[in-house]
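Novice: Just to be clear, the model below is a prediction. Sequence and coordinates:
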Amino acid sequence: MFWFSISLTIVAVIVTLVFGLNLGVDFKGGSVLELEFSPSAGGGIPEVEAVQKSLSEFKEISIASSGTNGLIIRTVELSEQGHQAILSQLKATFPSSGLVEKRFDSVGPLIGNELKSKSITAIILVLFGVIIYIAIVFRKLSRVLPGWAMGLAAIIALAHDVVIPTGMFALLGHFYGIEVSAVFVAAALTVLGYSVSDTVVVFDRVRENVLKGGVKEGFGAVVHKSIMQTLTRSLNTTFTTLLSLVAIYFFGGESIKYFALAMIMGIFLGAYSSIFVASPLLVWWNKRDQADR
Amino acid sequence: MLFAFVYPQGINRGIDYLSGKNIPLGFHVPNVPFRLGLDLLGGTHLVYQADLSKSDNKSDAMQGVRDVIERRVNFFGVAEPLVQISGSDRLIVELAGISDVSQAIQLIGATPFLEFKETKSDTQAILDAQQKGQRLNEDPLQSTGLNGKHLKRASVTFGQQTYQPQISLELTSEGAKLFAAITKKNLGKIVAIYLDGVPISTPVVQSEITDGSAVITGKFTPNEAKLLATRLNSGALPVPISLVSQQTIGASLGAESLSKSLKAGVYGLILVALFMILFYRLPGVVSVLALGIYVVIVLTFYKLIGVTLTLAGIAGFILSLGMAVDANVLIFARMREELRAGKSIRASMHEGFSRAWLSVRDSHVTTLIGAFVLYTFTTSIVKGFALTLGIGVLTSLFTAIVVTRTLLNLFSGQRFENKKWLF
């Protein structure tokens, strides 16, 4: 099981490195224009090729259809004049298509880079905050394990929970053009929080059992017992959370669909990793410690 | 009571119904609306970058830009526009529910940047070189330090000899002093008036002007002159700004997102409630009640604090709902364990709560750490998510420990001791 996680993580890292993430405009800078057509009598929904032809004077433009009567136009960063020029050009070429602008995002590269660095800072800070909190809360266990070892085990489990969905999104981005936007960062950070609480619940039980009964039967046995005792709770919580997320995925609409998907993967992995990654790590650490003594 | 605050429409309808049946209650619950974000309402989010490189007092200059833009935005009559400084040189403008975004952007962006420039020692040399196509990147004139922030009032007047429309500028006392010094220094030379980086009037100074009045002459129609004066009055910017980011959401998309995310929330809640009742029976019912109270408390907070609900914010809310359920699950799972070990219902309840408390606390605190970091270090979308998540987690601590416990205690009497199947 442990090897399964390790290999999956490695695959995810490789996939991310090879394909890279398909970053959305909010990270990379650029413009996205989403249009919807509601053709009146006699008019039809313009074909992608026709739109492409109509907009041929604009450089670096990519056009894709979205849904049955929508269109998404991606370009380099547009000024407001450029934005209006595209709209009026389309309205002139397809007068009876009932064109409505649904969404227009335009982000300068400067802002995009800022968001990127801010997101990374936020993730690192969360990780540090968690290590410190765990070290403080579990200091009573220090006769069995150093507090920071638990923090580290939790963090490794966390990395696992975030890296695998990231790899998944690298794949989705490569093959289906799904973009990673700022909302994805929110999802990653929530998964961090969730996964930590999952791991903490198991560790809590380990602490309780160690304080109550000591480690006469061996630390490994205590950890195993603790996992079994918290299993129902882990499964139930994961299941109820997944229920709400699945509801968001199916009913929440296009804009938060992939947020929900990232969360579903992350939450599932979070429950899995506290049992099959974080806890075995604790036991392994303890064994190594004892071999040293 | 809180429910009435959160959903006044329903209660008021009930009161109206009773009044119709001759049971006059004679009052209505005040209706405080939820504040919806741009992505649900439709609207535009603009980020401007100010060029402060030539400004001495940067925070003053930003404040000036903010005030001017705010006046300009208020001019549209949009409900609750937001104009705020972000960081040291950014300005965020949010206009909700506006139909013609491009007009708004033009009016905000077109805010004139007024500047007075004078000749420098090598002006003639640069101009000569530029005629031959050299030194094109150099500005033949230099700033005088007199600009839009020294303007008190602009009005349209007509030239006494020419009968042409012109714009009279009245400067502030500080501006008047500066202008006096400039005109004295440049007697017989050109002092150019620039608008948005383009010279619109290049008069030669005839005499020192000490009363702080200047005139822009040029080829204006009366209408152009009037528009320019209005623009100048609503504020000339102390420093130039440029639009660096724009996010516009059409009203139809907003409404669609709102109904969809509400639907997702309701379905999620129903699924979770069903699961809890099926799996935990009586405590499950209790936890669903507690969840109901939880939802009402959280929504009340949203209204009281004035949390702006965005799509991501609603996702945060649904997620915090998951946390609240988790707290209940932790407690009940523990209770059941104690029951199986043969303890009485009262004793297992007590044990369940006290033992689960550590786990509940730790898992909530770690999530709070995440929410707090997100709130402090990120911007708009993610921030809204962090805020609703944080409020949700704090409320969940309260409902799990206080509400669920109080409700469960109702069932801890002797009568229930021989009905353990309920648990």
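Specialist: Great, that's in hand. What you see is a predicted model, and the numbers here were worked out from it, not measured in a lab.

Novice: and residue A:122, what is it in contact with?
Specialist: Contacts of residue A:122 were listed using Cβ atoms under 8 Å, 6 or more residues apart in numbering or on different chains, and they are A:185, A:189, B:373, B:374, B:377, B:378. Bear in mind the C-beta positions are built from the backbone N, C-alpha and C, glycine included.

Novice: So which of those sit within helices?
Specialist: The members of the contacts of residue A:122 that map onto helices under DSSP state H are A:185, A:189, B:373, B:374, B:377.

Novice: Roughly how far does residue A:109 sit from chain B?
Specialist: Computed with Cβ to the nearest Cβ, to the nearest Å, the distance linking residue A:109 and chain B is 9 Å.

Novice: Could you tell me what pLDDT the model assigned to that residue?
Specialist: pLDDT, residue A:109: 76.

Novice: got it, and the one 4 residues further on?
Specialist: In the prediction, the pLDDT value recorded for residue A:113 is 79.

Novice: Then residue B:24?
Specialist: Residue-level pLDDT assigned to residue B:24 equals 53.

Novice: before we move on, the earlier item: top of the contacts of residue A:122 by neighbour count?
Specialist: Neighbour count (other Cβ atoms under 10 Å in any protein chain shown) singles out residue B:374 as the most crowded of these, with 28 neighbours.

Novice: hmm, which two among the ones in helices among the contacts of residue A:122 are most spread apart?
Specialist: Across the ones in helices among the contacts of residue A:122, the two members that end up farthest from each other (Cβ to Cβ) are A:185 and B:373, 11.7 Å apart.

Novice: any chance you could map the helices in the chain?
Specialist: You didn't pick a chain, so chain A it is. Under DSSP H, chain A gives helices at A:2-19, A:25-28, A:48-54, A:80-93, A:109-137, A:147-176, A:182-213, A:219-251, A:254-273, A:279-292.

Novice: oops, chain B please
Specialist: All helices of chain B, identified by DSSP H, fall at B:2-6, B:8-20, B:38-41, B:58-74, B:101-109, B:123-131, B:173-185, B:222-233, B:251-301, B:311-340, B:345-377, B:380-398, B:404-409.

Novice: Dump these to TSV, plus mean pLDDT.
Specialist: Compiled in TSV, these are given as follows (pLDDT from 0 to 100):
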stretch	mean pLDDT
helix B:2-6	60
helix B:8-20	62
helix B:38-41	75
helix B:58-74	77
helix B:101-109	71
helix B:123-131	76
helix B:173-185	85
helix B:222-233	74
helix B:251-301	82
helix B:311-340	80
helix B:345-377	82
helix B:380-398	82
helix B:404-409	80
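
Novice: possible to save these as a markdown table with distance to residue A:157?
Specialist: Listed next are those as a markdown table, based on distance: least, Cβ to Cβ, whole Å:
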| stretch | distance to residue A:157 |
| --- | --- |
| helix B:2-6 | 38 |
| helix B:8-20 | 45 |
| helix B:38-41 | 33 |
| helix B:58-74 | 44 |
| helix B:101-109 | 46 |
| helix B:123-131 | 66 |
| helix B:173-185 | 63 |
| helix B:222-233 | 59 |
| helix B:251-301 | 25 |
| helix B:311-340 | 18 |
| helix B:345-377 | 13 |
| helix B:380-398 | 21 |
| helix B:404-409 | 29 |
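
Novice: what sits against residue B:232?
Specialist: Per Cβ under 8 Å, 6+ apart, neighbours of residue B:232: B:112, B:114, B:148, B:151, B:154, B:167, B:169.

Novice: what's the closest of those to residue B:87?
Specialist: residue B:148 (22.6 Å).

Novice: Against residue B:172, how distant is that closest one?
Specialist: Relative to residue B:172, residue B:148 is positioned 11 Å away (Cβ to Cβ, to the nearest Å).

Novice: same question, residue A:17
Specialist: In this view, residue A:17 and residue B:172 are 60 Å apart by Cβ to Cβ.

Novice: Neighbour count for the two, which is higher?
Specialist: Shown here are residue A:17 and residue B:172; by other Cβ under 10 Å, residue B:172 has more neighbours (15 against 10).

Novice: separation between that one and residue B:408?
Specialist: Applying Cβ to Cβ, one obtains 70 Å for the distance of residue B:172 from residue B:408.

Novice: So residue B:271 sits against residue A:243, correct?
Specialist: Yes: because the distance of 4.3 Å satisfies Cβ atoms under 8 Å, residue B:271 is recorded as touching residue A:243.

Novice: More neighbours: those two, which one.
Specialist: Using other Cβ under 10 Å, the more surrounded residue of residue B:271 and residue A:243 is residue A:243, with 20 against 17.

Novice: Correct me if wrong: the more buried one contacts residue B:264.
Specialist: No: Residue A:243 is not in contact with residue B:264 according to Cβ under 8 Å; the separation is 11.2 Å.

Novice: got any ranges where the stretch 101-250 of chain A has weak pLDDT?
Specialist: Counting by pLDDT under 70, the low-confidence segments of the stretch 101-250 of chain A come to A:142-144, A:147, A:215.

Novice: Pick out the residue of it closest to chain B.
Specialist: Of all residues in the stretch 101-250 of chain A, the one sitting closest to chain B is residue A:197 (3.0 Å; Cβ to the nearest Cβ).

Novice: ok, that residue - how many residues close by?
Specialist: Neighbours of residue A:197 under the rule other Cβ under 10 Å: 27.

Novice: What residues does the residue lying closest to it once chain neighbours are set aside make contact with?
Specialist: Nearest-residue entry for residue A:197: residue B:363, 3.0 Å, with adjacent residues in sequence omitted and distances by Cβ to Cβ, 6 or more residues apart in numbering or on different chains. By Cβ under 8 Å, 6+ apart, the residues touching residue B:363 are A:196, A:197, A:198, A:200, A:201, B:323, B:326, B:330.

Novice: give me the number of residues near the third one?
Specialist: Counted with other Cβ under 10 Å, the neighbours of residue A:198 add up to 32.

Novice: show me the contacts for it.
Specialist: Neighbours of residue A:198 in contact, by Cβ under 8 Å, 6+ apart: A:234, A:237, A:238, A:270, A:271, A:273, A:274, B:363.

Novice: Spatially, which residue comes closest to the third one, not counting chain neighbours?
Specialist: Spatial nearest neighbour of residue A:238, excluding adjacent residues (Cβ to Cβ, 6+ apart): residue A:271 at 4.1 Å.

Novice: these two touch, right, that neighbour and residue A:232?
Specialist: No: with contact defined as Cβ under 8 Å, residue A:271 does not reach residue A:232; the gap is 12.0 Å.

Novice: circling back: closest to residue B:251 out of the ones in helices among the contacts of residue A:122?
Specialist: When those are compared for distance to residue B:251 (Cβ to Cβ), residue A:185 wins out at 27.3 Å.

Novice: My guess is the closest one contacts residue A:119. True?
Specialist: Yes: counting by Cβ under 8 Å, a contact exists between residue A:185 and residue A:119, whose distance comes to 4.4 Å.

Novice: thinking again about what came up before, adding pLDDT, write the contacts of residue B:232 out as a markdown table.
Specialist: Formatted as a markdown table, the entries for the contacts of residue B:232 read as follows, by pLDDT from 0 to 100:
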| residue | pLDDT |
| --- | --- |
| B:112 | 65 |
| B:114 | 77 |
| B:148 | 72 |
| B:151 | 78 |
| B:154 | 80 |
| B:167 | 82 |
| B:169 | 82 |
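
Novice: Neighbours of the closest residue to residue B:409 other than its chain neighbours, how many?
Specialist: Counting by Cβ to Cβ, 6+ apart, the nearest residue to residue B:409 once its immediate chain neighbours are dropped is residue B:349, at 7.3 Å. If you count neighbours by other Cβ under 10 Å, residue B:349 ends up with 24.
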